[in-house]
Every structure is written in structure tokens, then in C-alpha cells.
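Enquirer: Quick one, what's the 3D model for this:
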Amino acid sequence: MRSRIAKAAALPALLVGMSSAAHADWAVNMPRGVTPVSEAVHGLHMLVFWIVVMIGVVVFGAIFWSLFRYRKSKGAVAAKWHEHMGAEIAWTIVPFIILIGIAVPAAKVMIDMEDASDADMTVKVTGYQWLWHYEYIDQDVDFYSRLSTSREAMLGLEEKPEDYLLGVDNPLVLPVDRKVRFHHTAGDVIHSWWVYDFAVKKDAIPGFINTNWATVQEPGIYYGKCAELCGRGHGFMPITVKAIPGDEYDEWLALMQDGETDAAADLVATYFAENDHMVAEAP
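Expert: Numbers count the residues shown, from 1 in each chain. Model prediction:
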């Protein structure tokens, strides 16, 4: 009996501990990202958020004030009226102004997201079941990128790597502070290339080329995934992007063009080994 009471008494503390651990990395807001597009999207999100907060404060404030001020216990009697020109004008004009206030900056962000002109380089991204093919246009560099997590790790027969189900054998390497244009297409079914910290998401459709862009502002390792259900292996075609400073990128590109892929991989691995804090958290 005493043991049951002790266990019951310890349960709240256990639940609190579990809750604290579960919420240690819990974030309630949209991440800011590392590109101009992601910052613009975050800014638009915050604008709409505060507009919604103000609307909520006004509406619920009016409701609670009315319930308190005109409650039946104080002898309030409901007014009887039909149509009110001032009220009808107000609830037509005010929402219109709010929508225009949201639509104008939203349209600007959407236009900027699609403006891939004046890019410093172009990468063609082709989705396949279930891997990615990256081609650096006019640079004579291309490679396939597959999930690097082994089947044994998935089955629990060996230790799971730190980048479990996120890492790839050949990550996409990009330079920092250069505008990169992406051309998206697919070789079989519809895929969707999505990197969270870039705010870049575009469908890859067979026979079509869709375009967007990104300028990575901070070196780091960034993860993404296919965001379009593309078959049995849909959950096993992650995206890994390694953004490095321009000088290191130029050296990496030269090695790749010379066919020294191992040396190029070692160069990138060495850079991140010396800067191990530059890894974005997986969602």
C-alpha cells in the first residue's frame, strides 16, 4: 500500500520532468531562416500575427466588457433595433483596410520569392524515386544524392548516426552570399524540393522546369526533404545542403571539376569539423 502511495506521489514530479524535457527544444514561432526570402517570410508572418492579436484583443475585449457592463443582474435590457448604417459601414471598411494592409506586403514577398534574375550561379535539381540529382549549370559538375543511413541502422542492428534519416552521401554544396537560382524538374513522378531554413519549396514535375532562388547568408549544414508524396520511398529522400564561404567553395568546385571528388569531400568535411557549431537543427 505504501509503495503505491509513494508511486502516486512521485507521478506529478515525473510528469513535470518529462514535460520539461519534451519542451526543452520546443519552439512556438516560425524560424527566421538564413536567406533574404526566409527573413521576408518571417517578417510577413509576424506582421499578420500582430494584426490578428490586435483584432483578438479588440473583439474579445468588447465581448467581455459588454458581458460585464450590460449584465442582467444590473438590470440591463437588450436594445431592439434593425439595421445601423454606421455599424454596416464600419464592419465593411475596417476589414477591407486590414486585408489591404496584409495583401500589399504579401504580394511583395511573393514577387521577390519568384525573382530569380541576376543569379550568380544556377543549379538544376532533378527528383527521382528516391534520390536527387544536382547539376551545376555551365560548371561541368553533377552528382546524385542518396540517403546515407544504412538499412541496418533503420532496423536497429547498429547504432544510429547523428544525422539519422537526414544525411546523404553527396550533399549539395553552395557558397555563402551568392544568389543561387534553382531549376526544379523530375524524371518520373512529382517530387518537391524543400529546405526549411531557406524558405525554398518548389514542386519538381516531369516535363516542366520550376524556378526559385536562395542566397544563403550563414555558413552551415541545412536539412530538407521531399515534400510531395512520391511513392514507397518518399520518406527516404532527404536533402542536405552544406553552405561554405566563397573561397572554400571555389576550391571545392575546382576539385570537383578535376574529378577529385574525395579531396573535395574532405575539404568540406574539414571545414565543418573545425566549425562544428554550424549545423542547423532538424525539424
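Enquirer: right, and the helix or strand after whichever strand or helix holds Val241?
Expert: Val241 belongs to strand 239-244 when elements are defined using DSSP states H and E. Sequence order places helix 246-257 as the next helix or strand after strand 239-244, per DSSP H and E.
Enquirer: can you tell me the average pLDDT over that next one?
Expert: For helix 246-257, mean pLDDT is 96.
Enquirer: quick one, that helix and strand 239-244 angle?
Expert: Here the directions of helix 246-257 and strand 239-244 differ by 120 degrees (axes from the mean of the first three to the mean of the last three C-alpha atoms, to 10 degrees).
Enquirer: helices or strands next to helix 246-257 in the packing?
Expert: Under the contact criterion of 3 or more C-beta pairs under 8 Å, 6 or more residues apart in numbering; DSSP states H and E, helix 246-257 touches strand 141-145, strand 172-175, helix 261-274. Bear in mind the C-beta positions are built from the backbone N, C-alpha and C, glycine included.
Enquirer: Might you quantify the distance of it from its chain's geometric centre?
Expert: Helix 246-257 sits 27 Å away from the centroid of its parent chain (C-alpha atoms, centre = their mean, to the nearest Å).
Enquirer: Now do that helix and helix 261-274, the angle between them.
Expert: Using the same axes, to 10 degrees: helix 246-257 against helix 261-274 is 160 degrees.
Enquirer: Would you verify that Leu229 is located in a helix?
Expert: No: counting by DSSP: H, G, I helix; E, B strand; the rest coil, Leu229 is located in no helix; its state is coil.
Enquirer: residues contacting it?
Expert: If a contact means C-beta atoms under 8 Å, 6 or more residues apart in numbering, then Leu229 has no contacts.
Enquirer: for stretch 147-165, how far is the first residue from the last?
Expert: Terminal residues of stretch 147-165 lie 7 Å apart, using C-alpha to C-alpha, to the nearest Å.
Enquirer: Run through who's touching the strand or helix carrying Tyr134.
Expert: Using DSSP H and E, Tyr134 falls within strand 131-136. The contact list for strand 131-136 (C-beta under 8 Å, 6+ apart) reads 121-127, 141-147, 168, 170, 172, 187, 193, 237, 239, 253.
Enquirer: Also stretch 33-43?
Expert: Stretch 33-43 is contacted by residues 30-32, 105, 109, 112-113, 196-200, 213-218, 220, 222, 243, 280 when judged by C-beta under 8 Å, 6+ apart.
Enquirer: change it to 10 Å
Expert: 29-32, 105-106, 108-110, 112-115, 176, 179-180, 195-200, 212-220, 222, 243, 280 (C-beta atoms under 10 Å, 6 or more residues apart in numbering).
Enquirer: Can you tell me which of the contacts of strand 131-136 are classed as buried?
Expert: When the contacts of strand 131-136 are checked for burial by 16 or more other C-beta atoms under 10 Å, the buried set is 121-127, 141, 143, 145, 147, 168, 170, 172, 193, 237, 239, 253.
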